[in-house]
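Enquirer: Predicted coordinates and the sequence they were generated for:
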Amino acid sequence: MPTAVHYPLPLHLQPVFEALDLPEGRFPVAEAAARRVISLPMHPYLTEEQQATVVAAVRKAVGTY
């Protein structure tokens with residue numbers, strides 16, 4: 001069950017939007033979220049055991065067992 005960072009840059013800083021000339025700092029909340037957010041494995045077919053594994057990994061990562 002992989003995790004990933006799907007958007008390491010907020011949308012306004014992605015190369016495709018360069019023409020909009022939206023500098024870093026323009027959307028500080030989006031920029032802060034991009035630095036902290038990861039995507040967890042989620043789909044309707046996760047078993048309870050897989051869900052427990054994800055929860056345990058998140059708890060371990062943030063220091064709450």
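Expert: Noted; the coordinates are in hand.

Enquirer: show me where the chain has helices.
Expert: Applying DSSP state H to the chain gives helices spanning 28-36, 48-62.

Enquirer: now those helices as TSV including mean neighbour count?
Expert: In short, each C-beta sits where N, CA and C put it, glycine included. Converted to TSV, those look like this (neighbours: other Cβ atoms under 10 Å):
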stretch	mean neighbour count
helix 28-36	12
helix 48-62	11
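
Enquirer: And these: which comes nearest residue 7?
Expert: helix 28-36 (6.0 Å; Cβ to Cβ).

Enquirer: Give me the packing partners of the closest one, helices and strands only.
Expert: Under the contact definition 3 or more Cβ pairs under 8 Å, 6 or more residues apart in numbering; DSSP states H and E, helix 28-36 sits against no other helix or strand.

Enquirer: hmm, who's touching that helix?
Expert: With contact meaning Cβ atoms under 8 Å, 6 or more residues apart in numbering, helix 28-36 is reached by 7, 8, 9, 10, 11, 12, 13, 24, 25.

Enquirer: wait, doesn't residue 50 sit right on residue 41?
Expert: Yes. Using Cβ atoms under 8 Å, residue 50 and residue 41 qualify as a contacting pair, with a distance of 7.5 Å.
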